[in-house]
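Asker: The following block contains a protein sequence and its predicted model.
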Amino acid sequence: MTQGRMETGTSGARADRSPVRTAATVVGAVFVLIGILGFIPGATTSYDQLGFAGHMSGALLLGLFQVSVLHNIVHLLYGVAGLAMSRQARTATAYLIGGGAIYLVLWLYGLVIDKQSGANFVPLNSADDWLHFGLGVGMIALGYLLGRRARTVATQR
């Protein structure tokens, strides 16, 4: 094993184990975990009020973040996408930056909609909004900084 790289399989092919890939893997795994926790009573308070979608879902992940079945499924899919895209530095970077941008759009959406209207179909509460802001900024920063590093290392080879 050389620094930043790891042997894979029996073919002798090497796979880049860059920090951007690791970051995308961790982010994806956390989203899968959050998606699963959203379906577990106890991790999700008021579980009996978990709706499929919409602002009427009264379930709160970790007692703080409003969730629904749709919200949990989105977390699961987002996580699976991150795990799949973490296989290459280029796609891992795209996942982090693109996913972060989506979260910033979702943050803005959550700020402007009426939380008691049909527009709040995911659903979102204020805690979700600010978590989405943090995720957006954090994912973009990881993708930009670590992706740039992966491009620099690849160019030096």
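Answerer: Happy to help now that I have it.
Asker: mind listing the strands in the chain by residue range?
Answerer: Under the criterion DSSP state E, strands of the chain are mapped to 5-7, 14-16, 44-45, 60-61, 65-66.
Asker: So in that sheet, which strands flank the fourth one, and in what orientation?
Answerer: Looking back up the chat, that one is strand 60-61. According to DSSP bridges, strand 60-61 has the following sheet partners: strand 44-45 (antiparallel), strand 65-66 (antiparallel).
Asker: Quick check: which of the ones you listed is buried the most?
Answerer: For the strands paired with strand 60-61, average neighbour numbers computed from mean count of other CB atoms under 10 Å are highest in strand 65-66, which has a mean of 21. Using the backbone N, CA and C atoms, a C-beta is placed for each residue, glycine as well.
Asker: Turn the strands paired with strand 60-61 into a markdown table, columns for mean pLDDT and distance to Leu104.
Answerer: Shown next, in a markdown table, are the strands paired with strand 60-61 (pLDDT from 0 to 100; distance: least, CB to CB, whole Å):
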| stretch | mean pLDDT | distance to Leu104 |
| --- | --- | --- |
| strand 44-45 | 96 | 25 |
| strand 65-66 | 96 | 17 |
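Asker: I'd like those strands laid out as TSV, including distance to Ile140.
Answerer: TSV is the format used below for the strands paired with strand 60-61 (distance: least, CB to CB, whole Å):
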stretch	distance to Ile140
strand 44-45	28
strand 65-66	21
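Asker: mind listing what's buried in the helix ranked longest in the chain?
Answerer: Among all segments of the chain classified by DSSP state H, the helix with the greatest residue count is helix 126-156. Neighbour-count burial for helix 126-156 flags 128-129, 131-133, 135-136, 139-140, 142-143, 146-147, 149-150, 153 (criterion: 16 or more other CB atoms under 10 Å).
Asker: Which one, of the strands paired with strand 60-61, ends up nearest to Arg17?
Answerer: The minimum distance between Arg17 and the strands paired with strand 60-61 falls on strand 65-66, with 32.2 Å, by CB to CB.
Asker: got the contact list for that closest one?
Answerer: 57-60, 123-125, 127-128, 131 (CB atoms under 8 Å, 6 or more residues apart in numbering).
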